Structures are given as C-alpha cells and as structure tokens.
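Peer 1: coordinates only, sequence not included:
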C-alpha cells in the first residue's frame with residue numbers, strides 16, 4: 001500500500017509539474033520601479049546629487065576652495081559659479097556631487113522655484129514638506145533632498161543634496 005501511495009504521489013507531481021508546458025519564469029506582479037529622486041538643471045544639464053563630478057562638464061568656476069568636513073572624514077571642495085555653488089565630496093578618491101546651493105533668483109528648480117519666491121509658491125509647487133526645522137523646509141525623494149529656508153515669507157536659501 002505504501003508503495004502505491006508513493007508511486008501515485010510521484011506521478012501526480014510529475015504530471016502537475018509538466019502540465020502547463022510553459023517553461024518561462026514567472027513574472028513578478030510588481031516589476032521593480034526606478035527610485036524617485038529630485039534633479040536640478042544647471043547650464044542646460046540635468047544634475048543629480050550623488051553623480052560623479054566632472055569639472056569639465058561645468059563652465060569654468062569663479063573660485064574653488066577645499067575644506068575639511070568631519071561628516072565625510074576628508075576634504076570637500078566648493079566650486080562657485082556665480083549663480084550657484086557645488087559642493088563635492090570624495091569617496092575612495094572619486095569626486096561626487098553632494099550639494100548644490102542656488103545663489104541667484106535667475107536659477108530655478110525643476111519645479112519652478114527660485115530665491116525670493118513666497119512660502120505659498122513653495123507649498124503650491126512642492127506640497128507639504130516631509131520635515132520642518134525652524135524656518136527650513138525639507139522635501140525628499142529617494143536619497144535626494146531639497147531644503148528651503150523661508151524668512152519673512154519668502155525663500156532666502158535653496159539647497160539640493162543627498163540625504164545626510
């Protein structure tokens with residue numbers, strides 16, 4: 001009797017395993033989605049915090065200077081371009097864009113915000129912030145963050161960076 005049950009079980013497994021005739025792997029119900037992130041356009045080029053920094057892909061800078069940053073345990077370099085500044089950090093000797101500071105109302109975020117715009121403009125373009133600290137409002141997508149400082153009802157500082 002045991003032999004008959006084992007034989008029937010093996011036959012049933014063989015038949016059910018081969019019955020579909022479909023040898024393609026199953027597709028997941030939810031295919032992977034690219035991580036959302038903020039980007040910014042500078043001089044017609046889309047920049048993402050965390051990208052490798054290639055000094056040749058930017059115009060000549062007005063000034064650059066190095067600082068030691070304890071958060072990175074190494075130096076960081078700031079490149080000033082008049083309307084904006086780029087902070088570059090170094091990881092294993094490679095330069096990466098860590099943060100961009102907008103310095104002029106002539107430069108806008110992809111969402112259309114610039115220095116001098118109102119708090120209401122920010123909320124309309126960005127929605128509610130994910131975090132607020134005093135007068136700084138943070139928006140995050142994936143590992144990218146916008147920080148807006150709003151003083152006296154208008155945006156006085158805009159920075160775009162990797163999350164800290």
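Peer 2: Thanks, I have it. Everything numeric here is computed off the predicted structure, so don't read it as measured data.

Peer 1: for residue 154, what are its contacts?
Peer 2: Contact partners of residue 154, counting by Cβ atoms under 8 Å, 6 or more residues apart in numbering, are 116, 117, 118, 119. Glycine gets a C-beta too; all of them are placed from N, C-alpha and C.

Peer 1: In three-state terms, label the nearest residue to residue 68 once chain neighbours are set aside for me.
Peer 2: Among residues not flanking residue 68 along the chain, residue 75 sits closest, at 5.6 Å (Cβ to Cβ, 6 or more residues apart in numbering). What DSSP: H, G, I helix; E, B strand; the rest coil gives for residue 75 is strand.

Peer 1: Might you list the low-confidence residue ranges for this structure?
Peer 2: 1-34, 70, 72-73 (pLDDT under 70).

Peer 1: burial count for the residue lying closest to residue 36 once chain neighbours are set aside?
Peer 2: Among residues not flanking residue 36 along the chain, residue 141 sits closest, at 4.4 Å (Cβ to Cβ, 6+ apart). Residue 141 has 14 neighbours, counted by other Cβ atoms under 10 Å.

Peer 1: now residue 132
Peer 2: 11.

Peer 1: helix or strand right after whichever strand or helix holds it?
Peer 2: Element membership for residue 132, per DSSP states H and E: strand 131-133. Per DSSP H and E, the first helix or strand lying C-terminal to strand 131-133 is strand 136-141.

Peer 1: counting contacts, what elements does whichever helix or strand comes after that next one pack onto?
Peer 2: Using DSSP H and E, the helix or strand that follows strand 136-141 towards the C-terminus is strand 144-151. On a contact count with 3 or more Cβ pairs under 8 Å, 6 or more residues apart in numbering; DSSP states H and E, strand 144-151 meets helix 119-126, strand 136-141, strand 154-162.
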